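Student: Predicted structure and sequence below. I'll ask about it afterward.
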Amino acid sequence: MAMEDDGSVPETSAPINLARQGLFMLGALTIEPSLRRVARSDGRERFLQPRIMQVLVALAASPGAILSRDDLLARCWNGVVVGEDAIDRAIGQLRRLLADLGDGQVQLETITKVGYRLKAPRNEPVSDLIERTAEDTGSAQAVTPPPSPLLAVLAFDNLSGDPDFHYFSDGVAEEILLTVSRTTTLRVVGRSSSFQFRGIDKSAANIAQALGVTHVLDGSVRRNGQRVRINAQLTACATGEGLWSHSFDRDLDDIFALQDEIAESVAKALAVMFLPAKTITEMPLATYEVFLQAQAIISEGTGLFDDSGARAAPLLERVVRDAPDHARAWELLAACRAWTLRSSRRKGSYQVGREGVVFAAETALRLDPDCAGALEALAFLEPWGAYAARERQLERALRMRPHEPRLLSAMSTFCWGVGRMRDALSFAERACELNPLLPAARLAVAEMQAYVGNYETAVRMLADLHRKWPENVTILAALLANASSLGFWDAYEEGLAHVENFSGWQADRLRIQVGHANTLASDDPTAGHKVLDQFRTSLARTGTVRLNWLAALCHYGMPNEALDLGEEASFDHIFDADGPLPSQYFPGTIFGPWCTMNRNPRFIDLCDRIGLCAYWSQSNRWPDCADWLPYDLKAESRRRVAAADGRK
């Protein structure tokens, strides 16, 4: 195909005309622009938002060509001024679509600092767009189908006049949220995002703009002794129309049946296919209030990285003592115990703690085989080097709850750890779509952008997140680390000005990133070697090194020294169920495009020692770097696995 000097495709090219005229095929996908419908040959189909459809058509109509972000803005936004996030969201949603419907046959490729293009099977550029005849399109009319529903369940207002009842009204709303998400096909925004809207911020238009939702469920709770009145209303964001509303007056003893009744009413109002409802075990009211307190602690925490699990576990132990058949309580208890066991807050015997996690998880699964959170807890118990076992548990959990933000985030982290950065980004984007106001979800997307080579996008997103959440130390640390390592010193200086606002352990954490930046910027040729000496001292003391240390040495221009250090270290601990802590193992860092040691064939030896060659070869799921390393990573990995098998 002819291309202009700037790499764009002429507007007169035939494929564009074909795309505008009607139905065409792209690999295994059939695309019908007039209906915003993408269908597979097996009958599965998806409806797209108009802008996403325009991006897909623009890329598909330029087979083999790279479209820059400016090209996409010109073709798909028609001169309308939008932020960079608009393109990021469109690309992210399109990548998820292709992964879901295309079975990997069609891929959206990011060309670092250039743009995007579609690629067909075996990484060959898309070369054909096959126009269907008018008979193929039948009598389809250009009717725009409704978007796939995305529901936000808001925190119900506490009208009881008792501030201590606040957690109860929140808990009722969360239970309804969980019931809808787990017993219907409906996508539901996570609590961390939807519960941020309270009081005057609860307008449907405001929430739709912030979360991208199509419907909002809001309500209020008023308690009077043993009686409770719950008002609930479902609103369509596009029109502001109330689709359904109802008031429920019940004894508190009927609260479980009431939550199911509201959830089912919401599902019917949205015309969603309702799956067989699960029987929820009732419990005494006092026990239920303790359960809601524990659930609130977990929902507002971050599991591995704070003490929410340790705080909630004793409450949940009281709940399962009084209501031993309540599967959800056992599921949450398994998660809390697993988080505590794998964190720096663990006390006592690991084996005793492990048995507690297994007992809680197995009890939850016996009571309810669909307790996906129990599977996630069991995945935490696997050694960090047991990649296949951990992946199987997470895949099982996601089959049960494909729209659970926490599970999507866990799978994103797993993919990052085995070098599958595009998959990690896709899972992170899906989690963020369902929890867009959760800082950790937004942060994961920004950091994965760097790992797929979108450096400018990553640093810009991190800077934006820091402005939005200036008190979040994790975001600031990520901004300082990425901006300095990737050479965006203006963004680094902007973040550096805020380091003095932190104290204690948070200041200590930031000082590590500042020290890294100072080493990078130093005119002292021995600065990097001083860091290397520190790492060697730690190796002599502990017998091992952290993988992110090796990546740091690459930033200092010492990839060979990094590989030497890795060869001297033992990594046996990652195959031990008793260690290491998550914060002490950073496998994904060695697969970044900036980690120059991965370009040396000796890198395969490191991968083999941490069990990745075996995982890749057995699963046939390879890291992204296999596509661009100067040697055949797949062949070398298989060779080492075969050699190891021969020695057995």
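Tutor: It's in. Numbering: from 1, shown residues only.

Student: Show me which positions of stretch 368-386 end up buried.
Tutor: Buried residues in stretch 368-386, counted by 16 or more other CB atoms under 10 Å: 368, 370-386. Using the backbone N, CA and C atoms, a C-beta is placed for each residue, glycine as well.

Student: before we move on, what about stretch 173-185?
Tutor: Buried-residue list, stretch 173-185, by 16+ other CB under 10 Å: 173-184.

Student: low pLDDT regions in the stretch 301-450 of the chain?
Tutor: Residues of the stretch 301-450 of the chain meeting the criterion pLDDT under 70: 302-305, 344-346.

Student: How far off centre is the helix or strand containing Arg392?
Tutor: According to DSSP states H and E, Arg392 maps onto helix 387-400. Computed by CA atoms, centre = their mean, to the nearest Å, the chain-centroid distance of helix 387-400 equals 15 Å.

Student: packing partners for the next helix or strand after it?
Tutor: Moving toward the C-terminus from helix 387-400, the next helix or strand (DSSP H and E) is helix 405-417. Applying 3 or more CB pairs under 8 Å, 6 or more residues apart in numbering; DSSP states H and E, we find helix 405-417 packed against helix 372-381, helix 387-400, helix 421-434, helix 439-451.

Student: can I get the ones you listed in TSV with distance to Arg406?
Tutor: Converted to TSV, these look like this (distance: least, CB to CB, whole Å):
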stretch	distance to Arg406
helix 372-381	7
helix 387-400	10
helix 421-434	8
helix 439-451	10
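
Student: For Met558, find the nearest of those.
Tutor: Nearest to Met558 among the helices and strands packed on helix 405-417 is helix 439-451 (20.9 Å), distances taken as CB to CB.

Student: returning to that earlier point: same for the helix holding Arg392, what does it pack against?
Tutor: helix 372-381, helix 405-417, helix 612-619.

Student: So for this protein, the centremost residue is which one?
Tutor: By CA atoms, centre = their mean, the chain has its centre lying nearest to Ala428, at 2.4 Å.

Student: Against Gln506, how distant is it?
Tutor: Distance, Ala428 to Gln506, using CB to CB, to the nearest Å: 24 Å.

Student: Could you find the closest non-adjacent residue to Gln351?
Tutor: In space, Gln351 comes closest to Asp578 once its chain neighbours are excluded; the distance is 7.8 Å by CB to CB, 6 or more residues apart in numbering.

Student: what's next to the helix or strand hosting Gln209, contact-wise?
Tutor: Using DSSP H and E, Gln209 sits within helix 204-211. Applying CB atoms under 8 Å, 6 or more residues apart in numbering, the contact partners of helix 204-211 are 150, 152, 154, 189, 193-194, 197, 201, 213-214, 216, 235-238, 240, 436-437.

Student: thinking again about what came up before, got the buried residues of stretch 173-185 as JSON lines, with secondary structure and pLDDT columns?
Tutor: Formatted as JSON lines, the buried residues of stretch 173-185 follow (DSSP: H, G, I helix; E, B strand; the rest coil; pLDDT from 0 to 100):
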{"residue": "Ala173", "secondary structure": "helix", "pLDDT": "83"}
{"residue": "Glu174", "secondary structure": "helix", "pLDDT": "84"}
{"residue": "Glu175", "secondary structure": "helix", "pLDDT": "78"}
{"residue": "Ile176", "secondary structure": "helix", "pLDDT": "80"}
{"residue": "Leu177", "secondary structure": "helix", "pLDDT": "84"}
{"residue": "Leu178", "secondary structure": "helix", "pLDDT": "79"}
{"residue": "Thr179", "secondary structure": "helix", "pLDDT": "76"}
{"residue": "Val180", "secondary structure": "helix", "pLDDT": "79"}
{"residue": "Ser181", "secondary structure": "helix", "pLDDT": "78"}
{"residue": "Arg182", "secondary structure": "helix", "pLDDT": "73"}
{"residue": "Thr183", "secondary structure": "helix", "pLDDT": "68"}
{"residue": "Thr184", "secondary structure": "strand", "pLDDT": "70"}
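
Student: and of the residues you listed, the nearest to Asn224?
Tutor: Distances from Asn224 to those, taken as CB to CB, are shortest for Ala173 (19.0 Å).
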